[in-house]
Structures are given as C-alpha cells and as structure tokens.
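Trainee: Just need the structure, nothing else, for what follows:
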Amino acid sequence: MDDYMFNDNVSRCKTVVEDTQYLEIFNYSDPRFNTCEEHPLTNDEFDNYLHQRGVFAPPTKYPPGVKMISCMRLILQQNAKHADTFTPDVLSLTQRQYKAMVNALHLPYRWIESMSCVGPFFWSAWDQDEETPHLQIVHRKSDVRKKGLTRGWELTLSHDVKNGITTGFYKGTESSDIIGCLKHLKACVGQIGHPLLLPVIIFSHDISSTTDIKQRKARDWLRRLEHAVSMRTEITEKEGYVSKDGVVDLDRVNMDLVECHSQVLWKRPKAYLEILSGIQEAMGRFEEKLSEERNEKAMRSLHASMIARLDFYKVKLQGIESYAYTTLQRLDIQRSALYNIIAQKESKLNFQMAGEQRKLAHSSKRDSAAMKTISLLGAIFLPGAWLAAIFSMTFFNFQDGSSPIVSKQFWIYWVFTIPTTIVIVLGWWVWERKREKRYDEEDARIEQGSEGMEKKIMAAMRTRTMSKASTWDTTKKSE
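Mentor: Reported below is the predicted structural model:
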C-alpha cells in the first residue's frame with residue numbers, strides 16, 4: 001500500500017530547481033581519521049552519490065585497529081529560493097531523482113504526504129526490515145507565504161541501527177537556520193551515531209533565547225498599553241499615545257493591542273511541546289533496539305545528555321506557555337476596558353448629537369408655528385383684499401343708480417388677467433422643476449462625497465493598521 005501511494009503522490013508533483021550539495025561525515029574509532037566533506041552535487045553525479053560509486057565509494061582498507069563507528073550522508077539544499085519550494089505537491093528534485101533517493105537511502109514513503117502539513121511537525125517509526133531495521137524520521141516546519149515566498153525547512157532521516165549509518169535529506173530557505181544547524185552538526189562529528197542528534201540541534205535552534213526575548217518585549221509593551229488604557233500618570237508623550245495637548249490616541253492603542261497579541265502568539269510553546277514529546281518517543285524507540293555492541297559508555301552518556309536537554313526544554317517551554325497565557329489574559333482585559341472607554345465616548349457623543357437635534361427640532365417647530373400664523377392671516381385677509389381691489393376698479397359704478405353697475409369693457413380685465421395668471425403659473429412650474437433637479441444633483445454630489453470620504457477613511461485606517469507600531473522596537477531585526 002505504501003509504495004502505491006508513494007508513486008501516486010510523486011506522479012502528481014511538479015518540479016522546481018534548487019542548488020544541491022552533499023554532506024558526508026565519517027566517525028572512526030581513531031578520531032584522527034574522522035572526515036567531514038561538503039561539496040556541490042551535480043545531476044550527473046547524483047546516482048553515484050546515492051549508491052556510493054566512483055569518487056563516493058567508501059574506503060575499504062583501514063589501519064590496524066581502526067574501524068568505522070558511525071556515518072552520516074545527507075543531501076542538502078541549504079538556500080532554497082523558489083517561491084513554491086515548500087508548497088504542497090512540489091518537489092525540488094526531479095521525480096526520478098526523488099524516487100531513487102527515497103529507495104537508495106531507505107527514507108520513509110510517507111515523507112511526501114507531509115508536504116501539506118503546516119507548522120512544526122515531527123514523526124518517527126521503524127521500517128518493516130526485520131534484518132536491518134531503520135529508524136525513519138520526518139521533521140519539518142512550513143509557514144505561510146511572506147512577500148510572495150514560502151518559508152520553512154524539512155529534514156528526513158533514516159538510521160541503520162545495526163551499522164550506525166544515518167542517511168537523509170535536509171532543505172531550508174534563507175530565513176531558516178539550516179546553515180547554523182549544520183555548523184553545529186559538524187562540530188559534533190564524534191556524536192553522529194545517534195539518529196536524534198540533528199533533530200535535537202534543530203529543535204534547540206528553533207526555540208532559542210529569541211522566543212524568551214520576544215515574550216519579554218511583549219510584556220513590556222503590554223505594560224505601556226495598560227498605562228495608556230488606564231490613563232495612569234506614568235504615561236508620557238514618548239510612549240506614542242499622548243498628543244501635545246495631553247489627549248490619548250485610542251486608535252493607536254487599539255492597533256497596538258492587536259499587534260502585541262500577535263507577537264505573544266509567535267512560536268506558541270504548545271506546538272513545540274508536542275514536537276518535544278515526539279522526539280522523546282523516538283529516543284525511546286532507538287534505545288529499545290540499540291545493540292549491546294553499540295550501546296557503549298559514550299553512546300549512553302550522549303543519550304542521557306540529550307534526554308536531560310529535552311527535559312530542560314520541556315520545563316522552559318512550560319514556563320513560556322504560562323508567561324504567554326498571563327500576557328494574553330491581561331491583553332483581553334485591556335481590550336475590554338478600551339472597548340468600554342470607546343463605547344462611553346460614543347454614548348456621550350450620541351447624547352450631544354441628540355441634544356443638538358432636539359434644539360433643531362424646537363427651532364423648526366417655532367418656525368413652523370410662525371409660518372402657520374402668517375398663512376392663517378393671509379387666508380383671512382386675502383379674499384377681502386382681492387374683492388376690494390376688484391370692486392375699486394372703474395369697471396364698477398355704485399354712485400349713479402340709473403347707469404349700469406358693471407361696465408361693458410369688463411372683459412378686458414379677464415383678457416389680461418387669465419393669460420398673465422397662466423404665464424406666472426407656468427413660470428413657477430418650470431422654476432420648481434429646475435430647483436428639484438438642482439436639489440437632486442446636490443444630493444448626488446453629497447452622496448458621492450460621503451462615499452469618497454468613507455473610502456479615504458478606510459484607506460487611511462488600512463494604512464495605519466499595516467504600519468509598524470511605534471511602541472514595538474523595530475530598530476532590531478526580529479529573529
């Protein structure tokens with residue numbers, strides 16, 4: 001089943017090109033003969049290295065009393081640069097080279113299935129070879145893209161517990177500490193017989209003092225945020241929260257709370273405690289099948305030292321986890337307090353707006369009452385004034401009782417009045433239509449201005465959110 005799934009997964013992968021090297025370390029009973037070589041590995045020499053042919057053939061003759069104790073043979077890609085080198089279903093070797101490497105170096109078939117794993121990952125198990133058992137290890141860490149590039153490293157090992165030979169593949173990007181780990185490994189040539197030596201070195205580099213320093217800086221940052229939220233007298237303008245007028249910038253405080261939270265969650269100890277447990281289980285598997293011939297004093301001492309180191313890291317990670325948990329709880333308290341402050345300020349602002357609107361409503365009510373009074377007076381006196389104007393014209397004669405009261409030229413009044421009235425009404429209607437159109441255009445401009453203002457505000461908020469917080473020390477390069 002494993003070989004079928006392996007071949008099927010490999011056939012789906014695409015290939016990217018990375019610079020490849022090899023590392024060979026031989027440890028002899030006489031340390032003077034120990035060797036450590038690292039050189040580029042070309043495609044035409046790839047198969048020769050896998051099968052130890054040609055210049056890669058191991059020495060067959062040793063001086064009297066000298067024998068090989070252990071050996072480590074690794075294929076390296078120390079500065080992986082391709083943007084997709086750590087994405088799922090991507091190989092940094094050709095499919096043929098990958099299959100040949102896995103089979104020749106006894107690497108686990110399940111390795112290719114770990115390419116989609118995220119975060120730190122560790123797995124170990126024995127293969128099914130009963131005559132020459134191999135302890136197989138997969139240790140990797142892949143992160144999300146940053147600036148368009150994938151980040152991470154991966155290590156796959158196979159240890160022949162009978163002969164003390166470790167083979168494997170190790171790849172890392174520029175951001176990983178692969179070069180420092182290999183330098184550490186080369187300084188421990190006499191200890192390469194232990195299959196967990198390189199995984200423990202990588203683990204120790206991954207949880208270096210940088211993690212503790214970041215947590216300390218985050219706690220110091222939290223204290224400044226607490227001073228700002230609680231309006232303590234300790235806060236100064238240098239903190240970056242107080243303006244020259246003594247006003248605290250709540251937007252900046254809120255932004256820094258989010259950034260500080262993300263800094264606390266960097267390299268969460270819980271995941272590394274799981275990795276540590278996996279390494280300890282692998283140590284137990286190796287010790288169970290270690291032969292009496294190889295279980296000498298130096299190996300026992302190294303094994304005990306590595307177990308003690310792992311116990312030390314466990315206690316250290318537990319302390320960091322407790323420390324980070326307390327920081328997160330205090331951040332939650334400050335976030336709740338900040339939201340309450342903002343809600344109170346918004347409530348006060350809404351109350352002020354409601355007061356202004358109430359004043360406007362009272363003013364409109366007074367204006368409406370005045371207009372109503374004017375309209376009522378006009379309605380009362382307009383009919384009388386209109387009738388008085390009509391009857392005061394010369395078309396009517398009320399003084400001479402024998403002559404007609406209404407003149408025959410009274411039609412002239414209507415001839416001029418009716419068209420004039422129609423023209424005035426039409427002019428008013430046209431003017432009203434233009435005014436409504438102008439109002440519609442003004443409403444449209446106001447709406448567009450509101451949308452533009454909203455876009456500018458959102459763009460400014462995004463720009464401010466993406467910018468580095470002023471309270472975090474950006475002068476030092478983060479590890």
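Trainee: what helix or strand is the closest residue to residue 112 other than its chain neighbours on?
Mentor: Nearest residue to residue 112, sequence neighbours excluded (Cβ to Cβ, 6 or more residues apart in numbering): residue 9, at 4.7 Å. Every C-beta, even on glycine, is put in place using the N, C-alpha and C of the backbone. Take DSSP states H and E as the rule and residue 9 turns out to sit in helix 2-11.
Trainee: Past that helix, which element shows up next along the chain?
Mentor: Heading C-terminal from helix 2-11 (DSSP H and E), you reach strand 14-15.
Trainee: Tell me the gap between that next one and the middle of its chain.
Mentor: 27 Å (Cα atoms, centre = their mean, to the nearest Å).
Trainee: Run through who's touching it.
Mentor: 89-95 (Cβ atoms under 8 Å, 6 or more residues apart in numbering).
Trainee: returning to that earlier point: with residue 335 as the reference, measure out to the residue nearest to residue 112.
Mentor: 44 Å (Cβ to Cβ, to the nearest Å).
Trainee: now residue 373
Mentor: For residue 373, the distance to residue 335 - Cβ to Cβ - is 57 Å.
Trainee: So for the two, which sits in the more crowded spot?
Mentor: residue 335 (17 against 10; other Cβ atoms under 10 Å).
Trainee: Okay, and that one sits in which element?
Mentor: helix 297-391.
Trainee: Remind me what that helix packs against, helices and strands.
Mentor: helix 197-206, helix 209-229, helix 250-264, helix 269-289 (3 or more Cβ pairs under 8 Å, 6 or more residues apart in numbering; DSSP states H and E).
Trainee: who's in contact with the helix holding residue 9?
Mentor: Counting by Cβ under 8 Å, 6+ apart, 89, 91, 95, 98-99, 102, 109-110, 112-113 sit against helix 2-11.
Trainee: ok, so of these, who is nearest residue 135?
Mentor: Closest approach to residue 135 among the contacts of helix 2-11 (Cβ to Cβ): residue 110, at 13.8 Å.
Trainee: The closest one: neighbour count?
Mentor: 16.
Trainee: Ok, residue 35 next?
Mentor: Counted with other Cβ under 10 Å, residue 35 comes out at 12.
Trainee: Same check on residue 182?
Mentor: Neighbours around residue 182, by other Cβ under 10 Å: 21.
Trainee: Then residue 82?
Mentor: So residue 82, with other Cβ under 10 Å, has 16 neighbours.
Trainee: what about the chain, any weak spots by pLDDT?
Mentor: 143-149, 231-248, 395-404, 449-479 (pLDDT under 70).
Trainee: quick one: residue 167 and residue 157 touch, right?
Mentor: Yes: contact between residue 167 and residue 157 holds when scored by Cβ atoms under 8 Å: they sit 7.2 Å apart.
Trainee: okay, these two: which has more neighbours?
Mentor: Set residue 167 next to residue 157 and count neighbours by other Cβ under 10 Å: residue 157 wins out with 28 against 21.
Trainee: by how many degrees do the helix or strand containing residue 103 and helix 2-11 diverge?
Mentor: With secondary structure defined by DSSP H and E, residue 103 is part of helix 95-104. Using axes from the mean of the first three to the mean of the last three Cα atoms, to 10 degrees, one finds that helix 95-104 and helix 2-11 are set 150 degrees apart in direction.
Trainee: what element comes up after helix 95-104 heading to the C-terminus?
Mentor: strand 119-126.
Trainee: Which elements pack onto that following strand?
Mentor: strand 134-146, helix 269-289.
Trainee: Can you give the strand pairings for that strand, parallel or anti for each?
Mentor: strand 134-146 (antiparallel) (DSSP bridges).
Trainee: and residue 290, how far is that from residue 162?
Mentor: Relative to residue 162, and taking Cβ to Cβ, residue 290 is found at 10 Å.
Trainee: no no, residue 213
Mentor: As judged by Cβ to Cβ, residue 213 and residue 162 stand 44 Å apart.
Trainee: Looking at the two, which has the bigger crowd around it?
Mentor: Comparing residue 213 with residue 162 by other Cβ under 10 Å, the one with more neighbours is residue 162, at 16 against 13.
Trainee: Run through the residues that contact the more buried one.
Mentor: Residue 162 neighbours (Cβ under 8 Å, 6+ apart): 132-133, 291.
Trainee: And those residues, which of them are buried?
Mentor: residue 133 (16 or more other Cβ atoms under 10 Å).
Trainee: Can you show me the CA trace of stretch 218-231 as PDB?
Mentor: Extracted in PDB, the C-alpha atoms of stretch 218-231 (Å, rounded to 0.1, in the frame of the first residue of the first chain):
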ATOM      1  CA  ALA A 218       5.600  41.800  24.500                       C
ATOM      2  CA  ARG A 219       5.100  42.000  28.300                       C
ATOM      3  CA  ASP A 220       6.900  45.400  28.400                       C
ATOM      4  CA  TRP A 221       4.700  46.600  25.500                       C
ATOM      5  CA  LEU A 222       1.700  45.400  27.400                       C
ATOM      6  CA  ARG A 223       2.600  47.500  30.500                       C
ATOM      7  CA  ARG A 224       2.700  50.600  28.300                       C
ATOM      8  CA  LEU A 225      -0.700  49.800  26.900                       C
ATOM      9  CA  GLU A 226      -2.100  49.300  30.400                       C
ATOM     10  CA  HIS A 227      -0.800  52.700  31.300                       C
ATOM     11  CA  ALA A 228      -2.500  54.200  28.300                       C
ATOM     12  CA  VAL A 229      -5.800  52.500  28.800                       C
ATOM     13  CA  SER A 230      -6.000  53.200  32.500                       C
ATOM     14  CA  MET A 231      -4.800  56.800  32.000                       C
END
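Trainee: Give me the common contacts of residue 167 and residue 157.
Mentor: In contact with both residue 167 and residue 157: residue 107, using Cβ under 8 Å, 6+ apart.
Trainee: quick one: buried residues of stretch 320-329?
Mentor: 320-321, 323-324, 327-328.
Trainee: So in terms of bridging, what pairs with residue 157?
Mentor: residue 137, residue 168.
Trainee: Pull up the gap between it and residue 360, please.
Mentor: Computed as Cβ to Cβ, the residue 157 to residue 360 distance reads 78 Å.
Trainee: what's the answer for residue 280, then?
Mentor: Residue 280 is 73 Å from residue 360, by Cβ to Cβ.
Trainee: These two: which is more packed in?
Mentor: residue 280 (15 against 10).
Trainee: Which residues are in contact with the more buried one?
Mentor: Here residue 280 is in contact with 307, 310 (Cβ under 8 Å, 6+ apart).
Trainee: let's see it at 6 Å
Mentor: Residues near residue 280 by Cβ atoms under 6 Å, 6 or more residues apart in numbering: residue 310.
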